[in-house]
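> 3D model of this:
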Amino acid sequence: MQRQQHLLEQQGKMATSQGQQQSAQMLQQQQQQQQQQQQQRQQQRQPVRSNPTSTESHLQQPQRSRQEQPEKTFQYHRQTEILDLTAHSPPSEAPLRPWVAQQIPDGSWAVPSLGFYTQAENHPPLHTLYDSTLYNSPYANTTQQFTPQPRSRPYNSVLANTQPAPQASSPKHRSPQLSGLTTPYSRFEPSQDKYDPTEFNERREQARLEQQRLREAAHHAEREYFIASDPHVNYRNYLESLEHFSVPRGERPNPYLAGLIANQILPADPNGDRAIAICFAKKHWDKYWEMRDIDLVLEWAKEAQNEDSRAEGDDA
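Below you'll find the predicted structure:
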């Protein structure tokens, strides 16, 4: 058994060594193929240069000709245009300065530094170029001879001495009269400056809305002042907020209870007659005094205060 295991181990080692050799050979072949492909790509990218100096000069020459070609054509047209203008210019005026290109030693063309000319200076108007009065032209100007003149009415001395009869001018403001007497089929038309009812209604509505806005603003300002000076503003706001919610019948305010003196709000002045009466009614709430009895409650409250002050004096 041990011998068979030893043989199996040797066979496994031999198989692994053979597999490693085969994988190494395959990797070498792949690397060689990649190197060959890279060399072929580089050879395809590099152009064949038999004479490098001639090719460089051949590549540079068309670029130079392209740069010089628009300058030469522009200079040629400019020079011919100036020559034509100087040929047709009047003898009294000095001819324009010709624009001549100069050749630089390096082979290119350049224009000398010249001043700028406007279009009006280089292109005079047509009437100065073709006016026969400025040039010794063999042709006469016949524009006025063959131009048709405006027709006029023949002059009559008899009619000229007589003046036309004056026409009756219509009055601007007609006097009030019955139009049916003079023109039976005419109808009286009111003046155009009469007010428009729609415009009048719009203005009246605008005035009404403006007055309503002013009243609301004044009421809001008065309410703000009252709220700022009211010590029971929280309770008052609470009562106002309850008006917007529907409460059950049992929770609705009772007018009888709301009319009792004990349920009234204390005023701002605690030493006033109303405040004294309300405080006395709150102490004796079981009496159920109403607002019509406030004068009687005030007398009882003052009597109670006098008795309290006498008792304090006796104790002292």
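
> any low-confidence regions in the stretch 101-250 of the chain?
101-141, 143-146, 150-195 (pLDDT under 70).

> secondary structure class for residue 244?
Secondary structure for residue 244, judged by DSSP: H, G, I helix; E, B strand; the rest coil, is coil.

> any idea how far it is from residue 238?
Using Cβ to Cβ, to the nearest Å, residue 244 is found at 12 Å from residue 238. The C-beta positions use only the backbone N, C-alpha and C, and glycine is treated the same way.

> if you count what's nearby, which of those two comes out ahead?
residue 238 (10 against 6; other Cβ atoms under 10 Å).

> tell me the SS of the more buried one?
Assigned with three-state DSSP, residue 238 falls in the helix class.

> ok, now residue 209?
helix.

> what count of nearby residues applies to it?
Counted with other Cβ under 10 Å, residue 209 comes out at 10.

> start to end distance for stretch 282-291?
Terminal residues of stretch 282-291 lie 13 Å apart, using Cα to Cα, to the nearest Å.

> shift numbering so it begins at 6
Happy to do that; since the first residue is 6 now, the last one works out to stretch 287-296.

> average pLDDT for it, rounded please.
Here stretch 287-296 scores 91 as its mean pLDDT.

> for stretch 24-44, same thing?
83.

> and residue 271, helix, strand or coil?
Criterion first, three-state DSSP; result for residue 271: coil.

> and it, how many residues sit next to it?
Residues lying near residue 271 (other Cβ under 10 Å) number 14.

> so what pLDDT did it get?
At residue 271, pLDDT is 90.

> which residue sits closest to residue 305, ignoring its sequence neighbours?
Residue nearest to residue 305 in three dimensions, not counting chain neighbours: residue 285, with 6.6 Å by Cβ to Cβ, 6 or more residues apart in numbering.

> what about the one you found, how many neighbours?
Residue 285 is flanked by 22 other residues according to other Cβ under 10 Å.

> isn't it up against residue 304?
No. Applying Cβ atoms under 8 Å, one finds residue 285 not in contact with residue 304, separated by 10.0 Å.

> what's the span of stretch 290-304, first residue to last?
Stretch 290-304 end-to-end distance (Cα to Cα) = 16 Å.

> enumerate the positions of that stretch that are buried.
Buried residues in stretch 290-304, counted by 16 or more other Cβ atoms under 10 Å: 294, 298-299, 302-303.

> the residues you listed in helices, which ones?
If you go by DSSP state H, those have 299, 302-303 in helices.

> turn those residues into a markdown table, columns for pLDDT and distance to residue 8.
Below are those laid out as a markdown table (pLDDT from 0 to 100; distance: Cβ to Cβ, whole Å):
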| residue | pLDDT | distance to residue 8 |
| --- | --- | --- |
| 299 | 93 | 133 |
| 302 | 94 | 133 |
| 303 | 94 | 136 |
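
> in CSV, list these along with distance to residue 212.
Below are these laid out as CSV (distance: Cβ to Cβ, whole Å):
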residue, distance to residue 212
299, 46
302, 51
303, 50
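
> quick one, phi psi at residue 273?
Backbone torsions for residue 273, taken as degrees, to the nearest 10, come to phi -70, psi -30.

> likewise for residue 294?
Main-chain torsions, residue 294, degrees, to the nearest 10: phi -80, psi 140.

> how about it, what does it touch?
By Cβ atoms under 8 Å, 6 or more residues apart in numbering, the contact set of residue 294 is 265-267, 286, 301-302.

> same thing but 10 Å
Applying Cβ atoms under 10 Å, 6 or more residues apart in numbering to residue 294 gives the contacts 265-267, 282-283, 285-286, 301-302, 305.

> what's the answer for residue 291, then?
Neighbouring residues of residue 291 by Cβ under 10 Å, 6+ apart: residue 267.

> how many other residues sit next to residue 255?
6.

> do the same with residue 241
Residue 241 has 14 nearby residues by other Cβ under 10 Å.

> ok, now the one 10 residues further on?
In terms of burial, residue 251 registers 7 neighbours under the definition other Cβ under 10 Å.

> how far away is it from residue 257?
Residue 251 is 10 Å from residue 257, by Cβ to Cβ.

> repeat for residue 205
Separation of residue 205 from residue 257 (Cβ to Cβ) stands at 49 Å.

> so residue 235 touches residue 273, yeah?
Yes. Here residue 235 reaches residue 273: they are 7.5 Å apart, a contact under Cβ atoms under 10 Å.

> joint contacts of these two?
Residues touching both residue 235 and residue 273 (Cβ under 10 Å, 6+ apart): none.

> of those two, which one has the most company?
Neighbour count, other Cβ under 10 Å: between residue 235 and residue 273, residue 235 has more, with 15 against 10.

> nearest residue to that one in space, please, no chain neighbours.
Residue 235 sits nearest to residue 241 (Cβ to Cβ, 6+ apart), 6.5 Å away.

> quick one, what contacts that neighbour?
231-232, 235, 270.
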